[in-house]
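J.: Build me a structure from this.
(one chain, ligands or ions: 1)
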Amino acid sequence: MKCPYCNDDMMLGIICGGKDSVKWIPKEKDKGAILSSFVKGITILEWMDSKVEGHYCEKCKKIIIDVPKQL
Ligand SMILES: [Zn+2]
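T.: This next block holds a predicted model:
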């Protein structure tokens, strides 16, 4: 995959889940780690052992991931 910013090749990697789910939430709803678990956001990773593929651009420090289907 080509980086949309610099058009170089991106490195395929994996983002692994930790103890809690990993979510994207709108910036204005960011009220800290505890409250953010109550905010309806986009879940990227559910549990430990879950993982998602991401394309990384070393030059731009960007990672592009596919958002899993939301339940
Ligand atoms: Zn780039």
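J.: Roughly how far does Trp24 sit from Ile44?
T.: Taking CB to CB, to the nearest Å as the measure, Trp24 falls 6 Å from Ile44. In short, each C-beta sits where N, CA and C put it, glycine included.
J.: of the two, who's got more company?
T.: Ile44 (18 against 11; other CB atoms under 10 Å).
J.: Dihedrals phi and psi, that one?
T.: Ile44 adopts backbone torsions of phi -90, psi -40, taken as degrees, to the nearest 10.
J.: what residues are up against it?
T.: Ile44 makes contact with 15, 21-24, 52, 65, 67-68, according to CB atoms under 8 Å, 6 or more residues apart in numbering.
J.: again, only using 6 Å
T.: Val22 (CB atoms under 6 Å, 6 or more residues apart in numbering).
J.: What separation is there between it and Asn7?
T.: 25 Å.
J.: One more: Asp66?
T.: Separation of Asp66 from Asn7 (CB to CB): 20 Å.
J.: show me where the protein has helices.
T.: All helices of the chain, identified by DSSP state H, fall at 33-36.
J.: tell me which parts of it are close to the ion?
T.: With CB under 5 Å from the ion as the criterion, the chain meets the ion at residues 3, 5-6, 57, 59-60.
J.: Out of these, who's the most crowded?
T.: Cys57 (20 neighbours).
J.: Lovely, talk soon.
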